[in-house]
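Asks: Any chance you could fold what I've pasted below:
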Amino acid sequence: MAHSFGAAVALSADSPRIERLVLLSPGGLTKLRLPPTLLTAFATWYLRPTPKSSARLLRALHAPGRTPREELVDWMTLVARHARSSTEPGTAALPPRPVPRLLLTGEHDVFLPPRRLAPAVRATLGTELRVMPGAGHLIVEEHADRLAALVRPDA
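Replies: Take a look at the predicted model:
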């Protein structure tokens, strides 16, 4: 199971140990959507990493009505203070050996909304994108219990 930029990496991996992929809000298949409100929240968090700016950014990435956990706010503040991320994962390079893939995104994903991601998934991977109702970009944080069922060997 891989999420966002990590999904782009997992999708590009060509290891015989990988038998199945569950890719969540997968980067690398289409450009990210960056609405002005998200850019503002990201810039504030990046330039002035405080718990307040981290919480604002996380609220933008969550589905409407969801509140980020305090531990996640603290983590994001540390990330902004001590690490730098690239802005785009680039294009995923598909390995020659296909494996079964389940692709899933949140109904309210601000970076990779279903209407933008679904055509790219269909064109690139020849499969359909599944949409989780009530989830945002942070689908792993919001619905960990529902996602755990997807990685069971019998799922």
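
Asks: Could you report the neighbour count for the closest residue in space to Ala55 that isn't next to it in sequence?
Replies: Excluding its sequence neighbours, the residue lying closest to Ala55 (CB to CB, 6 or more residues apart in numbering) is Val73, at 4.9 Å. Placement of C-beta: from N, CA and C, glycine included. Residues contacting Val73 under the criterion other CB atoms under 10 Å number 20.

Asks: so which helix or strand takes in Val73?
Replies: Secondary structure from DSSP states H and E places Val73 in helix 70-82.

Asks: returning to that earlier point: ok, the residue nearest to Ala55 touching Ser54?
Replies: Yes. Assessed by CB atoms under 8 Å, Val73 is found in contact with Ser54 at 4.9 Å.

Asks: pull the longest strand from the protein.
Replies: Assignment by DSSP state E gives strand 101-106 as the longest strand of the chain.

Asks: mean confidence score for that strand?
Replies: In this model, strand 101-106 has a mean pLDDT of 95.

Asks: Quickly run through the sheet partners of it, with directions.
Replies: strand 21-24 (parallel), strand 129-132 (parallel) (DSSP bridges).

Asks: Remind me what the helix or strand just after that strand packs against, helices and strands.
Replies: Of the helices and strands lying after strand 101-106 in sequence (DSSP H and E), the nearest is helix 114-125. Counting contacts by 3 or more CB pairs under 8 Å, 6 or more residues apart in numbering; DSSP states H and E, helix 114-125 packs against strand 101-106, strand 129-132.
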